[in-house]
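> Got a predicted structure here, sequence first:
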Amino acid sequence: MITQYIPVVLAFALAAVVAGMLVGLSSFLGRGRLRGTRTRDTYESGMPLLGSSRKRVSVRFFVVAMVFIVFDVEVAFLFPWAVSVRGLLAEGNSAVLLDGLIFLVVLVIGYAYLWREGAFDWSRRRSES
């Protein structure tokens with residue numbers, strides 16, 4: 001029985017060795033190789049900085065980013081449910097359909113609330129928010 005776990009243990013050991021080698025090589029090869037002001041600049045896809053990296057960003061940007069992440073995760077959970085609901089309904093499990101519909105109703109209520117609060121309206125000026 002214990003011999004069945006040998007491949008799993010070997011895979012974990014190999015992953016640990018590779019991770020350790022990568023961390024060790026990056027600290028050995030990367031430390032102190034490039035000194036200067038350019039190494040402390042904010043990275044912008046290799047392009048020179050267009051302005052200060054400490055400038056203020058509107059809170060509306062972060063709200064939209066969080067809303068996108070929430071709805072993206074919701075859709076990620078909705079997809080496997082939609083794939084498996086036909087098989088579960090064929091087995092006579094109708095509770096899964098009700099659970100999914102409740103989930104969608106809560107999602108639509110949240111979307112309507114955000115729409116009413118103006119979270120998706122980019123045309124409002126900063127003084128109104």
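Perfect, thanks for sending it. Numbers count the residues shown, from 1 in each chain.
> tell me which residues in the helix or strand bottoming out on mean pLDDT in the chain are buried?
Here the helix or strand of the chain ranked lowest by mean pLDDT, DSSP states H and E is helix 59-90, holding a mean of 84. Of the residues in helix 59-90, 60, 63 count as buried by neighbour count, 16 or more other Cβ atoms under 10 Å. C-beta coordinates here come from the backbone N, C-alpha and C atoms, glycine included.
> Name the next helix or strand downstream of that helix, please.
Moving toward the C-terminus from helix 59-90, the next helix or strand (DSSP states H and E) is helix 95-117.
> hmm, back to that, does the least confident helix or strand of the chain pack against any helices or strands, and if so which?
Counting contacts by 3 or more Cβ pairs under 8 Å, 6 or more residues apart in numbering; DSSP states H and E, helix 59-90 is packed against helix 95-117.
> what residues go with each domain of the protein?
With domains defined by automatic domain parsing, the chain comprises 2-40, 59-128.
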